[in-house]
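**Q** The following block contains a protein sequence and its predicted model.
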Amino acid sequence: MDKSRRGFIALGGAGVVAAAVTGPLVIPAHGAPAPRLAPTGTGVKGAVMNKVRTLNGWTLPYTRKNGVKEFHLVAEEVEHEFAPGTTATCWGYNGSTPGPTIEAVEGDRVRILVTNHLQEHTSIHWHGILLPSGMDGVSGLSQPSIKPGETFAYEFTLNQNGTHMYHPHADEMTQMAVGMMGMFIIHPKGSEPEPIDRDYCFLLHNWAVRPGTYRPDPSVMVDFDLWTFNSKVFPAIDPLVARTGERVRIRIGNLSMWNHPIHLHGVQFMVTGSDGGRWPKGMWRPETTEIIGVGQTRDIEFKAVPGDWAFHCHMSHHTMNAMGHGIPNTLGVDQSGIDHEIRQLLPGFMAMGEHGMAEHQEHVDMGHHSGPRNTLPMMTGEGPYGNLEMGGMFTTVKVRDDLRPGDYTDPGWYSAPAGTIAARVSSDPDFGNPPRRR
Ligand SMILES: [Cu+2]
């Protein structure tokens, strides 16, 4: 049992945790803030169901009241770290962005208390969930907005299963741009038709945290600086870990402003579901890239194959961290001699990009070039064989033969069997006689 699961009480059999426990309920992975629970009169009390592993995140505990599962969300400002080197004042729920994942079971009656600690009104829309119109959370249309300091109760019965989301439906442009969102997973009653060994979930998002600033800019529509899985960028996104042969499901939701073609190396996955629930098998399709449209969720499933496999958005600018886009193209431009002259105007200026952008990481890693405050390098990360030159929506799926079930600790780098790694056969540029079109 790894540290992020410590504190759970598993009641054998179904593996569903539904016991009232006292004391710390969840120790979220990687230093995410501890859940803040509303006082219940008897101290901190609640239960956690955690069948899903929320990447870099956590599951919201609940209390059971007369057969109703009661959750309590608090909308509030949070200090958030995207990766070591960049923090910002964001908005979220219960101390984190995204907010904690809500997990429940088809047939449950749920009550969700929402307390507003923001300085402006809010509401929560339960995206994709079938419920009475008055519980749909559209402020002005289906309910009055939740004013600062107020608590509203949403209550409904879950008549479906699948991968869903929650987000404000009040000043949405601002509140979503600064991080207010979360996942709402409804498990089917009974067991899954194909048993799932590891069930991951995360949300896609984009942020305009301009170099040197500490607040995401909600007015930006297309030109973002940070592209995140669950509000984290590479290299701070946890790896997805599995044991060889396990059936892995990854549930992905998109509340960003772009569609993201999410690509997994090493396997053909099946696209098996969405917020429409688990699709009939005849609708499953094998893919290696699946576009997760804005406002959509997708579930992908595969049998884990040993290795370290890249898992990322295929929009190449979405696997970069902060970068200036309004710059002249330096590719192929001889810049020799201009460093000295420009440095008189811009101390520390360094001409780059003549032969491609990869030298950017080398310069930053060598400390030649520090960049603005609170700003991550455009490309970063080191693997066992060198620089990764990545950022943003990039992580790895790490599959090993010898993992214990339920062990989510990072197993380090894969050691590939001898003879299965691409290797140098020549250093002569004129090596061989490759056919060329003239
Ligand atoms: Cu993308």
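**A** Everything's here; your move. Numbering: from 1, shown residues only.

**Q** can I assume Met176 sits in a helix?
**A** Yes: with the criterion set as DSSP: H, G, I helix; E, B strand; the rest coil, the secondary structure at Met176 is a helix.

**Q** For Asn374, see how far away it is.
**A** The span separating Met176 from Asn374 equals 22 Å under the rule C-beta to C-beta, to the nearest Å. Heads up, the C-betas are built off the backbone N, CA and C, glycines and all.

**Q** in stretch 140-155, what's buried?
**A** Taking 16 or more other C-beta atoms under 10 Å as the neighbour-count basis, stretch 140-155 is seen to contain the buried residues 142-143, 145-146, 152, 154.

**Q** Just give the nearest non-adjacent residue to Thr330, would you?
**A** Nearest in space to Thr330, with sequence neighbours left out and distances taken as C-beta to C-beta, 6 or more residues apart in numbering, is Gly353 at 3.5 Å.

**Q** distance between stretch 183-190 and the chain's centre?
**A** From the chain centre to the centre of stretch 183-190 is a distance of 19 Å (C-alpha atoms, centre = their mean, to the nearest Å).

**Q** what's next to it, contact-wise?
**A** Contacts of stretch 183-190 from elsewhere in the structure, counted by C-beta atoms under 8 Å, 6 or more residues apart in numbering, are 49, 51-52, 54, 98, 101-108, 126-127, 129, 158, 160-166, 201-203, 251, 253, 278.

**Q** Within reach of the ion, which of the residues you listed are there?
**A** Taking C-beta under 5 Å from the ion as the test, the ion is in contact with none of the contacts of stretch 183-190.

**Q** Buried subset of these as a PyMOL selection?
**A** Buried residues within these, as defined by 16+ other C-beta under 10 Å, are selected in PyMOL through the command that follows:
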select buried, resi 49+51+52+54+98+101+102+103+104+105+106+108+126+127+129+158+160+161+162+163+164+165+166+201+202+203+251+253+278
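
**Q** Next, check the contacts of stretch 183-190 against the helices and list the overlap.
**A** Of the contacts of stretch 183-190, none are assigned to helices by DSSP state H.

**Q** burial measure for Trp309, as a count.
**A** Applying other C-beta atoms under 10 Å, we find 19 other residues in the vicinity of Trp309.

**Q** So what's the residue count around the residue nearest to it when sequence neighbours are not counted?
**A** Residue nearest to Trp309 in three dimensions, not counting chain neighbours: Gly266, with 3.9 Å by C-beta to C-beta, 6+ apart. For Gly266, the count of nearby residues is 17 (other C-beta under 10 Å).

**Q** What residues does the stretch 201-350 of the chain have near the ion?
**A** Counting by C-beta under 5 Å from the ion, the residues of the stretch 201-350 of the chain that sit close to the ion are 260, 313, 315, 318.
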